[in-house]
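**Student:** here is my input, please return the structure:
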Amino acid sequence: MGVNYFSDEQVHELQCHPYVDKVSYKAITYSEDFKVHFMMEYASGKLPTQIFQEAGFDEETWMNIQNDYINKVKNGKLIKVDAAHYIHNIKYKQIAEESKEFLDGLSDY
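**Tutor:** Okay, the predicted model is just below:
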């Protein structure tokens, strides 16, 4: 699997975020303030996605990053599921159906 590189647009958008200290095409360095904030929020029971969204990292940007990565993976597919934490306990039927459909669609090696 290759390295996931951020686009110019993604780098620029992330550079403008107050909780980002540094960003390159390969990595993000979050501020110490955000790291402390994240750990406090996580300890209070919030999910990572919720913490990032509430901190101003918009969902569209993060979904674009995930889509860009998946597009670089042979036979990759991103499936967005509206569910809380422990998705495997809540949406197990959907996961099974989507997985079977995905695997059935792969060509034989």
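
**Student:** can you pull out the helices in the chain?
**Tutor:** Ranges of helices in the chain, per DSSP state H, are 8-15, 32-43, 48-54, 59-71, 87-90, 92-105.

**Student:** nearest to Ser24, out of those helices?
**Tutor:** Closest approach to Ser24 among those (C-beta to C-beta): helix 8-15, 7.3 Å. Any C-beta I mention is one placed from the backbone N, CA and C, and that applies to glycine too.

**Student:** quick one: the closest one to chain centroid distance?
**Tutor:** With C-alpha atoms, centre = their mean, to the nearest Å as the basis, helix 8-15 stands 16 Å off its chain's centre.

**Student:** ok, and what's touching it?
**Tutor:** Here helix 8-15 makes contact (C-beta atoms under 8 Å, 6 or more residues apart in numbering) with 6, 20, 23-25, 28, 61, 64-65, 68.

**Student:** could these go into a markdown table alongside pLDDT?
**Tutor:** Formatted as a markdown table, these follow (pLDDT from 0 to 100):
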| residue | pLDDT |
| --- | --- |
| Phe6 | 77 |
| Val20 | 94 |
| Val23 | 91 |
| Ser24 | 90 |
| Tyr25 | 86 |
| Ile28 | 86 |
| Thr61 | 71 |
| Asn64 | 73 |
| Ile65 | 70 |
| Asp68 | 76 |
